[in-house]
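Asks: make a model of this:
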Amino acid sequence: MAFPDSFRAARWLRTINLVLQAVLFLTFFLGLNYLARNHAQTWRKDLTQYRRFSLSPETLSYVRNLPQPVAIVVTITEDNDNLEVRGLLKEYENATATHPAGRITVRYLDPYQNRRDAEQLGIEQAGIILLKCGDRSRAVPFGELYRLKDGQRDAFIGEQVITSALLEVSNPEPQHIYFIAGHGELRPDDVDRSYGLSALKTELRLRNFKVDTLDLPAARKIPADAALLIAVAPQSRYSPQEQERLRRYLGPDAGRLMLFLVPGFSVATLGLDDLLLDWGVLVDDDMILENNPANTTAEGDLIINYFNTGHPITQALIASKQSLRLGSTRSVRPDPGRPLGSGLNTVALAATSPTAWGEINYRAAPRYDPGVDIRPIPGMEPKDRLGVAVASERVGVGGNLQLSVRGGRLVVVGSGDTIANGRITSAGHQILIQSAINWCVERDHVLNVPPRPIERYQLSLSASQLAKLRYSLLFALPGAAALLGLVVYWTRRS
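Replies: Residues are numbered from 1 along each chain as shown. Model (predicted):
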């Protein structure tokens with residue numbers, strides 16, 4: 001018998017055929033991996049319902065034109081690793097892979113195992129996304145990537161937040177915030193727990209703000225680059241010249257001002273009465289007291305749970321179900337005599353419970369005196385409550401054009417230690433000050449990026465059903481596989 005027709009040749013041909021099939025199978029998968037690695041941006045297709053793994057066209061247009069590279073450092077541990085965040089940041093890396101001038105790079109860091117690197121970056125905890133561009137940086141906690149509803153995560157807004165942060169750090173000119181000094185105000189370089197603002201200063205710098213102190217009595221004018229002025233707990237009088245500078249800054253210059261006013265100093269004594277009158281804000285010379293123990297803490301702090309539902313500053317407070325814990329607090333409310341229809345919009349941001357009152361003679365034994373002490377004005381907002389924080393905004397109309405002209409913004413809070421080092425660590429206080437500052441400097445704009453709903457799947461099983469499932473996985477499935485093996489064995493043997 002010739003070799004080609006022999007059984008030996010047939011076995012060789014069968015072996016060669018199997019080897020070739022294995023080689024073709026292996027090269028097929030190697031080719032797929034090569035294409036996925038080197039041509040992912042060209043041939044990718046996101047088939048998910050909400051395009052979870054794709055950046056919006058608006059974000060792509062921004063990141064592909066970044067003028068400088070941006071480094072993103074994510075602090076994670078095994079317990080708080082977030083696959084949704086990883087997937088989103090991978091998209092930013094892929095979008096700028098062919099744009100070396102403005103490339104985005106992402107690095108993951110465990111701050112507890114790499115203490116030296118974390119300290120150099122100024123990060124002390126996990127769950128932080130730090131964006132760095134040159135000497136500018138912006139820290140974004142994981143919590144800011146989600147929109148809350150009834151205390152639970154309702155939608156993922158990570159793309160909005162990260163893109164906004166990228167635009168902030170890539171902007172060569174950070175916004176400048178000045179803390180007013182010269183009247184006994186709390187200072188941003190003071191580390192004292194009760195009277196210092198150093199923790200707030202650190203938070204602002206992480207958010208790419210430039211922070212300085214403005215000695216208003218010594219300054220001839222307010223700096224032209226002042227995006228926001230903050231005065232915390234002034235103790236002495238602002239001169240008429242200083243008040244005029246503030247009025248011009250808020251009025252013709254469309255500036256932004258935040259005032260934190262402690263009880264014990266009337267606005268007339270401080271020389272701020274005319275300024276507040278212009279902006280429709282009434283600050284009473286009182287101290288808010290509360291009859292109901294449920295609305296105070298064991299230390300005597302006032303618990304604030306009522307917030308305006310229609311203002312941008314309070315949206316995050318309401319969504320996260322946070323409250324405020326205020327020390328000595330005075331009532332601040334929209335002036336009932338303010339002119340209406342003049343482009344001035346004054347609203348109460350936060351208010352007490354209905355059982356609170358404003359004690360005028362707060363140096364004596366606390367007792368409500370009808371007709372003397374302050375109670376809510378019927379028919380005025382906030383209804384049946386005393387306000388503790390007010391926001392006022394003036395918007396002009398551009399002639400016959402259907403557009404608005406940028407105007408000044410003012411926020412007044414009736415407590416001086418709200419943002420001190422000892423209280424800013426509270427989640428509610430952090431959200432309040434960050435939201436108020438973002439509103440004042442107009443960082444509260446939202447990109448045209450739709451939020452991505454969070455889909456939840458829940459399997460509800462009773463104890464007996466769970467036990468049946470456990471036994472099925474432990475015995476039924478392995479038993480079925482063993483039985484099938486015995487059937488095959490018996491069939492082949494027969």
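
Asks: how about the helices in the chain?
Replies: For the chain, the helices defined by DSSP state H cover 7-38, 40-43, 57-63, 83-95, 115-121, 158-170, 198-206, 240-250, 267-270, 273-278, 312-320, 427-440, 463-471, 477-493.

Asks: same list (those) but as TSV, adding mean pLDDT.
Replies: Formatted as TSV, these follow (pLDDT from 0 to 100):
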stretch	mean pLDDT
helix 7-38	81
helix 40-43	55
helix 57-63	75
helix 83-95	86
helix 115-121	85
helix 158-170	83
helix 198-206	86
helix 240-250	93
helix 267-270	93
helix 273-278	92
helix 312-320	83
helix 427-440	88
helix 463-471	82
helix 477-493	83
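
Asks: would CSV of the ones you listed with mean neighbour count be doable?
Replies: To be clear about C-beta, it is placed using only N, CA and C from the backbone, and glycine gets the same treatment. Below are the helices of the chain laid out as CSV (neighbours: other C-beta atoms under 10 Å):
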stretch, mean neighbour count
helix 7-38, 10
helix 40-43, 9
helix 57-63, 16
helix 83-95, 17
helix 115-121, 13
helix 158-170, 22
helix 198-206, 20
helix 240-250, 17
helix 267-270, 17
helix 273-278, 17
helix 312-320, 20
helix 427-440, 22
helix 463-471, 10
helix 477-493, 9
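
Asks: which intervals of the stretch 201-350 of the chain have sub-threshold pLDDT?
Replies: 341 (pLDDT under 70).

Asks: who wins for proximity to Val232 among the helices of the chain?
Replies: helix 198-206 (9.0 Å; C-beta to C-beta).

Asks: and the helices of the chain: which comes nearest Ala181?
Replies: helix 240-250 (11.7 Å).

Asks: now find how far off-centre the closest one is within its chain.
Replies: Taking C-alpha atoms, centre = their mean, to the nearest Å, one finds the center of helix 240-250 at 32 Å from the center of the full chain.

Asks: what helices or strands is that helix leaning on?
Replies: Here helix 240-250 touches strand 226-232, strand 256-260, helix 273-278, going by 3 or more C-beta pairs under 8 Å, 6 or more residues apart in numbering; DSSP states H and E.

Asks: neighbouring contacts of it?
Replies: Contacts to helix 240-250, defined as C-beta atoms under 8 Å, 6 or more residues apart in numbering, come from residues 216-217, 221-222, 226, 229, 238, 255-257, 271-272, 274-275, 278-279, 394, 408, 410.

Asks: one step back: using JSON lines, lay out the helices and strands packed on helix 240-250 together with distance to Ile128.
Replies: Below are the helices and strands packed on helix 240-250 laid out as JSON lines (distance: least, C-beta to C-beta, whole Å):
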{"stretch": "strand 226-232", "distance to Ile128": "24"}
{"stretch": "strand 256-260", "distance to Ile128": "26"}
{"stretch": "helix 273-278", "distance to Ile128": "38"}
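
Asks: out of those, nearest to Gln68?
Replies: Short answer: strand 226-232, nearest of those by C-beta to C-beta, at 21.7 Å.

Asks: so what are the sheet partners of that closest one and their directions?
Replies: strand 175-181 (parallel), strand 256-260 (parallel) (DSSP bridges).

Asks: next, the angle from that strand to helix 427-440.
Replies: For strand 226-232 against helix 427-440, the angle by axes from the mean of the first three to the mean of the last three C-alpha atoms, to 10 degrees is 140 degrees.

Asks: and strand 226-232, how far out from the chain middle?
Replies: Offset of strand 226-232 from its chain centre (C-alpha atoms, centre = their mean): 20 Å.

Asks: can I get it in PDB, CA atoms only?
Replies: The C-alpha trace of strand 226-232 is given here as PDB (Å, rounded to 0.1, in the frame of the first residue of the first chain):
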ATOM      1  CA  ALA A 226     -12.300  90.100  43.100                       C
ATOM      2  CA  ALA A 227     -14.800  87.300  42.100                       C
ATOM      3  CA  LEU A 228     -16.200  87.200  45.700                       C
ATOM      4  CA  LEU A 229     -15.800  89.100  49.000                       C
ATOM      5  CA  ILE A 230     -16.500  87.300  52.300                       C
ATOM      6  CA  ALA A 231     -16.900  89.000  55.700                       C
ATOM      7  CA  VAL A 232     -17.200  86.600  58.700                       C
END
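
Asks: between the two ends of stretch 368-376, how far is it?
Replies: With C-alpha to C-alpha, to the nearest Å as the measure, stretch 368-376 spans 13 Å from end to end.

Asks: and the contacts of it?
Replies: Contacts of stretch 368-376 (C-beta under 8 Å, 6+ apart): 284, 286, 289, 291, 331, 354, 357-361, 382-386.

Asks: equivalent analysis for stretch 331-338, please.
Replies: Counting contacts by C-beta under 8 Å, 6+ apart, the residues outside stretch 331-338 that touch it are 261, 276-277, 280-284, 286, 288, 344, 346-348, 352, 358, 374, 377, 380-382, 386-390, 392, 412-414.

Asks: just the buried ones from those residues?
Replies: 261, 276, 280-284, 286, 288, 344, 346-348, 352, 358, 374, 381-382, 386-390, 392, 412-414 (16 or more other C-beta atoms under 10 Å).

Asks: keep only those of those that are in strands.
Replies: 281-283, 288, 344, 346-348, 358, 387-390, 392, 412-413 (DSSP state E).

Asks: can you name the two of those residues that sit furthest apart?
Replies: Greatest spacing in those, by C-beta to C-beta: Ile288 and Leu344 (25.3 Å).

Asks: how many neighbours does the closest residue in space to Gly407 that isn't next to it in sequence have?
Replies: Leaving out its chain neighbours, the residue that sits closest to Gly407 by C-beta to C-beta, 6 or more residues apart in numbering is Arg394, at 3.9 Å. By other C-beta atoms under 10 Å, 21 other residues sit near Arg394.

Asks: contacts only, for Arg394.
Replies: Leu250, Gly251, Trp279, Gly343, Leu344, Asn345, Gly407, Gly408, Arg409.

Asks: nearest spatial neighbour of Pro69, chain-adjacent residues omitted?
Replies: Pro69 sits nearest to Arg103 (C-beta to C-beta, 6+ apart), 4.9 Å away.

Asks: from Ser170, how far off is the one you found?
Replies: The gap separating Arg103 from Ser170 is 12 Å, by C-beta to C-beta, to the nearest Å.

Asks: overlap in contacts, those two.
Replies: Common neighbours of Arg103 and Ser170 (C-beta under 8 Å, 6+ apart) are Val70.

Asks: return the distance of Phe209 relative to Val267.
Replies: Counting by C-beta to C-beta - Phe209 and Val267 are separated by 28 Å.

Asks: any idea how this protein splits into domains?
Replies: Listed domain ranges for the chain are 57-168, 175-440 (source: automatic domain parsing).

Asks: kindly check the end-to-end length of the first one for me.
Replies: With C-alpha to C-alpha applied, domain 57-168 spans 19 Å between its terminal residues.

Asks: quick check, Asn65 in contact with Gly102.
Replies: Yes: in this structure, Asn65 is within contact of Gly102 by C-beta atoms under 8 Å, at 6.9 Å.

Asks: neighbour-wise, which of the two wins?
Replies: Gly102 (18 against 12).

Asks: tell me the contacts of the more buried one?
Replies: By C-beta under 8 Å, 6+ apart, the residues touching Gly102 are Val63, Arg64, Asn65, Leu66, Pro67, Gln68, Pro69, Val70, Thr96, Ser170.
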